[in-house]
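Participant: my questions are about this predicted structure, shown below with the sequence.
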Amino acid sequence: MNWVTRVTRRIAPWVLGLIVFLLALTSPNESPIDATAGAYAESEVDFVVLGGAAAVCGLVSMLARKWLWPLLLVTALTWTFLSVYPTVMVSCYYAAIHLTRRKHAITFLLVATALIGAPIGIGLGLQNDLSSGLLLPVVAVALLVGLPYAIGLWVNARRQVISGLHERAARLEQEHAARADQARAEERARIAREMHDVVAHRVALMVLHAGALEVNAPDERLANEASLIRTTGREALTELRQVLGVLRTHGEPEAALVPQPDLSDLERLLDQARAAGLPVKLVEEGPEIHLSLVVQRTAYRIIQEALTNVVKHAAGAETVVTLRYLSHAVELKVDNGPSLRSIEKLPGSGLGLIGLRERVALLYGRLEARARLDGGFTVTVVLPNDKEAIA
């Protein structure tokens, strides 16, 4: 509802009350029988009585939206004794809106027709004007009762149609949201099943073979390498189970999951990279600031993905991880040189940088990835630490 509609709904009762008050002052100030019989021209108008009646009529008309029966009572009295006609039309209009039961509506129409038509017919009979004996009461009833009642029925029907359309739109929106939630849940479950059946199964086999190789290794160096593969594979399985748990517990309150790694686990991540044969060192610049947990987790995942890409595409390359603390942000840089040896190209999804950009965009950060002239690669990320910007 816009402001024009709200203002109109507020001032409409006051305008209606004022109009009824002004029109009531033009009433004959005598009964319909005397007015129709011709005594109106000879009578003296008591403006005090008429003014008081007009004020009461304006007041009850203004309150008719909430209270109908005071309006009906004042209408019957003022019409019977003073021939005040504006409240008759207002009463018929609001009766069509409020009296929705058929029995009440029919009773009201019969009483209103008798109350309006009978005095006019009696007055015409006293005047001996038989030619207008039927026509004038019918016209009066049609104008004072039928027309406003028909307008009230139309307004009430229009309101019901609009209300029904609003309810239907709200119901359709709820159904659409429910179908979308169901589709998302089904898709998450499908992805979880595929990851469990394919990825988890193959990683588990890799861990088993690495364990067997560790036990049967001919020398200590090969046993250590197999142990590293087995340990890394077990950690990958653990993280994969956490991801599957998130996918399967969507919508459930506070699923009990293992805490995600953050920058406090960065040294452990670098040790794993060194154990995999990647010479990497960490450089920290600037005074350390307190970073929110979401920023720390995102920074950890970005460095992890960047180091994984270095292992895949430039194994053995000298790599520097720079962590620069700014006043309200943290800058990450993973800079690796060219590969020192030829390696077998490992399969990748091609979505590594896309995933990094999505993570950074969620925190309103900035990412830059570019190749170096010597064959190396540099990934630079700036993550703001502003809680209001991240929220």
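Facilitator: Thanks, I have the structure now. Residues are numbered from 1 along each chain as shown.
Participant: what average pLDDT does stretch 58-73 get?
Facilitator: Here stretch 58-73 scores 86 as its mean pLDDT.
Participant: tell me where the protein has helices.
Facilitator: Applying DSSP state H to the chain gives helices spanning 3-24, 32-37, 47-62, 69-82, 86-98, 102-126, 135-141, 147-194, 201-215, 220-248, 266-275, 293-313, 352-362, 387-390.
Participant: what average pLDDT does the shortest one get?
Facilitator: When the per-residue pLDDT values of helix 387-390 are averaged, the result is 47.
Participant: domains in the protein, by residue range?
Facilitator: The record's domain parsing of the chain by automatic domain parsing lists 3-133, 263-390.
Participant: and the helices of the chain as CSV, adding distance to Tyr325 and mean neighbour count?
Facilitator: C-beta here means a position set from N, CA and C on the backbone, and glycine is covered the same way. Shown next, in CSV, are the helices of the chain (distance: least, Cβ to Cβ, whole Å; neighbours: other Cβ atoms under 10 Å):
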stretch, distance to Tyr325, mean neighbour count
helix 3-24, 49, 14
helix 32-37, 92, 21
helix 47-62, 68, 18
helix 69-82, 74, 18
helix 86-98, 69, 23
helix 102-126, 77, 16
helix 135-141, 88, 17
helix 147-194, 37, 12
helix 201-215, 36, 15
helix 220-248, 27, 15
helix 266-275, 13, 15
helix 293-313, 11, 20
helix 352-362, 17, 15
helix 387-390, 17, 11
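Participant: surely Leu16 and Ser61 touch.
Facilitator: Yes: between Leu16 and Ser61 a contact is recorded at 5.5 Å, counting by Cβ atoms under 8 Å.
Participant: mind listing the shared neighbours of those two?
Facilitator: Contact criterion Cβ atoms under 8 Å, 6 or more residues apart in numbering; residues shared by Leu16 and Ser61: Val90.
Participant: ok, Leu109 - contacts?
Facilitator: 145, 149.
Participant: coming back round to it: which one, of the helices of the chain, ends up nearest to Val334?
Facilitator: helix 293-313 (3.8 Å; Cβ to Cβ).
Participant: poorly predicted segments of the stretch 151-300 of the chain, please.
Facilitator: 193-194, 196-198, 201, 245-259 (pLDDT under 70).
Participant: mind putting the domains of the chain in JSON lines, distance to Arg190 included?
Facilitator: Below are these laid out as JSON lines (distance: least, Cβ to Cβ, whole Å):
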{"stretch": "domain 3-133", "distance to Arg190": "47"}
{"stretch": "domain 263-390", "distance to Arg190": "18"}
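Participant: weakest of those in terms of mean pLDDT?
Facilitator: That would be domain 3-133, which, of all these, carries the lowest mean pLDDT at a mean of 78.
Participant: what's the offset of it from the middle of its chain?
Facilitator: 47 Å (Cα atoms, centre = their mean, to the nearest Å).
Participant: could you do stretch 154-171 as well?
Facilitator: Put simply, stretch 154-171 sits 21 Å off its chain's centre (Cα atoms, centre = their mean).
Participant: hmm, who's touching that stretch?
Facilitator: The contact list for stretch 154-171 (Cβ under 8 Å, 6+ apart) reads 93, 96-97, 100.
Participant: before we move on, what about stretch 135-149?
Facilitator: Residues from elsewhere that reach stretch 135-149, judged by Cβ under 8 Å, 6+ apart: 36, 85, 88-90, 92-93, 95-96, 109, 112-113, 116-118, 120-121, 124.
Participant: if you set the cut-off to 7 Å instead, what comes out?
Facilitator: Among residues not part of stretch 135-149, those counted as contacts by Cβ atoms under 7 Å, 6 or more residues apart in numbering are 85, 88-89, 92-93, 95-96, 112-113, 116-117, 120-121, 124.
Participant: among those, which two are most distant?
Facilitator: The largest separation in the contacts of stretch 135-149, counting by Cβ to Cβ, is between Ala96 and Leu124 at 28.0 Å.
Participant: of all the helices of the chain, which lies closest to Val379?
Facilitator: The minimum distance between Val379 and the helices of the chain falls on helix 293-313, with 4.8 Å, by Cβ to Cβ.
Participant: using PDB, list the CA coordinates for the closest one.
Facilitator: Extracted in PDB, the C-alpha atoms of helix 293-313 (Å, rounded to 0.1, in the frame of the first residue of the first chain):
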ATOM      1  CA  LEU A 293      37.100 -16.200  11.700                       C
ATOM      2  CA  VAL A 294      35.500 -16.100   8.200                       C
ATOM      3  CA  VAL A 295      38.400 -14.100   6.800                       C
ATOM      4  CA  GLN A 296      40.900 -16.500   8.400                       C
ATOM      5  CA  ARG A 297      39.200 -19.600   6.900                       C
ATOM      6  CA  THR A 298      38.900 -18.000   3.500                       C
ATOM      7  CA  ALA A 299      42.600 -17.000   3.600                       C
ATOM      8  CA  TYR A 300      43.500 -20.600   4.500                       C
ATOM      9  CA  ARG A 301      41.500 -22.100   1.700                       C
ATOM     10  CA  ILE A 302      42.900 -19.600  -0.800                       C
ATOM     11  CA  ILE A 303      46.500 -20.400   0.100                       C
ATOM     12  CA  GLN A 304      45.700 -24.200   0.100                       C
ATOM     13  CA  GLU A 305      44.200 -24.000  -3.400                       C
ATOM     14  CA  ALA A 306      47.100 -21.900  -4.700                       C
ATOM     15  CA  LEU A 307      49.700 -24.300  -3.300                       C
ATOM     16  CA  THR A 308      47.700 -27.200  -4.800                       C
ATOM     17  CA  ASN A 309      47.900 -25.500  -8.200                       C
ATOM     18  CA  VAL A 310      51.700 -25.100  -7.800                       C
ATOM     19  CA  VAL A 311      52.100 -28.800  -7.000                       C
ATOM     20  CA  LYS A 312      50.000 -29.700 -10.100                       C
ATOM     21  CA  HIS A 313      51.500 -27.400 -12.600                       C
END
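Participant: and the angle from that helix to helix 352-362?
Facilitator: 170 degrees (axes from the mean of the first three to the mean of the last three Cα atoms, to 10 degrees).
Participant: can you offset everything so residue one is 53?
Facilitator: All set: I'll call the first residue 53, so the last point we hit is now helix 345-365.
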